[in-house]
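Undergrad: Mind looking at a prediction? Sequence and model below.
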Amino acid sequence: MSTPHISAEMGDFAKTVLMPGDPLRAKFIADTFLQDVRQVTGVRGMLGFTGTYEGRPISVMGSGMGMPSIGIYSYELFSFYGVENIIRIGSAGSYTEKAKLFDTVLATGAVSESNYARVQSGFTGNITLPSAALNEKLRASAAKQGIPLIEGNIHSSDVFYRQPSDAKPTYWEKLRDEDGCLCVEMESFALFANAQVLGKNAACLLTISDSFVAPGITTAEERQKSFTDMMKVALGAEY
């Protein structure tokens, strides 16, 4: 049975879903890496596909940008389609020289000022956590393929464009130095919160697309098609 936001039927999604923000990245992954692929949803242009990778069923679907968007899609996948694991695969802006352009980050926690979890379930903390079991599987996949991972907390922000401030240290320096945040994105706090509430599993892999501490920025096409290390780690894990 379809939902207001997903047109698939029960059984159309695999137990594990990879979830980039960009639906065109979802299509790229499906076209490039999966076999026996079929599109299972496309409501509002949010494309979702199911196929196999090395003989294992797997799905990939866009989440859109921000916590409200991934909050809707991940909740529906977990609650109405029997999905057990969602791995966000996205881009992020680095807060530290430790994480350079095109490096792959494995999130060990998502720190946020967001009210998403408080409104959704009454959780008042400022950090949500991924599944330890999923993270172990992603580490094993990365090690098997010789792909280095940088691990640590990430910042999940509700705002992309902040008004300028003369405050010192800056908000992102505080997040880096006080909360150990390696980089910033906009979705994982909500994804992890949904998984915790629903008794499911979630994780997050990020590719550094730009930096607050160093020059350089990736293009839209690079963000769509060139973050292959992150994709290979997520696809190669044995869920």
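TA: Right, received. Where do you want to start? Numbers count the residues shown, from 1 in each chain.
Undergrad: okay, CA-based contacts and neighbour counts for the rest of this
TA: Fine.
Undergrad: For the helix or strand that contains residue 137, which helices and strands make contact with it?
TA: Residue 137 is part of helix 132-145, with elements assigned from DSSP states H and E. Contacts defined by 3 or more Cα pairs under 8 Å, 6 or more residues apart in numbering; DSSP states H and E place helix 132-145 against strand 201-211, helix 228-236.
Undergrad: Repeat the analysis, applying 6 Å as the threshold.
TA: helix 228-236 (3 or more Cα pairs under 6 Å, 6 or more residues apart in numbering; DSSP states H and E).
Undergrad: ok now the helix it packs on, how far from the chain's centre?
TA: 12 Å (Cα atoms, centre = their mean, to the nearest Å).
Undergrad: Show me what the mean pLDDT comes to for stretch 141-148.
TA: The average pLDDT for stretch 141-148 rounds to 97.
Undergrad: And for stretch 195-207?
TA: Across stretch 195-207, the average pLDDT comes to 98.
Undergrad: That stretch spans what distance, first to last residue?
TA: For stretch 195-207, the separation between the terminal residues is 22 Å (Cα to Cα, to the nearest Å).
Undergrad: next one: stretch 35-50
TA: 9 Å.
Undergrad: Around residue 85, how many other residues sit close by?
TA: 22 (other Cα atoms under 10 Å).
Undergrad: Bridged to it, which residues?
TA: Residues in a beta bridge with residue 85, per DSSP bridges, are residue 16, residue 201.
Undergrad: Now do the contacts for it.
TA: 16, 201, 202 (Cα atoms under 6 Å, 6 or more residues apart in numbering).
Undergrad: What pLDDT does the model give it?
TA: 98.
Undergrad: buried residues in stretch 80-98?
TA: 81-96 (16 or more other Cα atoms under 10 Å).
Undergrad: if we take those residues, which one ends up nearest to residue 217?
TA: Closest approach to residue 217 among the buried residues of stretch 80-98 (Cα to Cα): residue 93, at 9.1 Å.
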